[in-house]
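[1] This is a predicted model, with the sequence first.
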Amino acid sequence: MALDESRENDEVFDDRGLTYVVEKTLYNNVKPIKVDYASTPMGSGFNIASNMQTGASCGSSCSC
């Protein structure tokens with residue numbers, strides 16, 4: 001996950017006040033994408049999960 005400006009080959013989504021930019025080819029390979037923010041006793045941060053359609057070594061779903 002990084003800060004970036006959208007380009008013409010990107011999918012752009014707004015959700016709960018945040019704008020997400022994902023390159024279209026990547027998005028088509030991993031959609032749907034779920035982004036959550038979690039706070040646990042072990043720490044806090046973003047969790048990005050998707051369903052990998054090709055090349056996933058971790059099974060039918062993968063967390064980035």
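    Great, that's in hand. Numbers count the residues shown, from 1 in each chain.
[2] Stretch 21-28: which residues count as buried?
    Neighbour-count burial for stretch 21-28 flags 22, 27 (criterion: 16 or more other C-beta atoms under 10 Å). From N, CA and C alone the C-beta is placed, and that goes for glycine too.
[3] Could I get the average pLDDT for that stretch?
    The average pLDDT within stretch 21-28 is 92.
[4] swap in stretch 47-57?
    69.
[5] measure the residue sitting furthest away from the middle of the chain to residue 4 for me?
    Here the chain reaches farthest from its C-alpha mean at residue 41, the gap being 23.6 Å by C-alpha atoms, centre = their mean. Using C-beta to C-beta, to the nearest Å, residue 41 is found at 32 Å from residue 4.
[6] now do residue 48
    15 Å.
[7] who's more crowded, these two?
    Taking neighbours as other C-beta atoms under 10 Å, residue 48 and residue 4 compare with residue 48 leading, 14 against 10.
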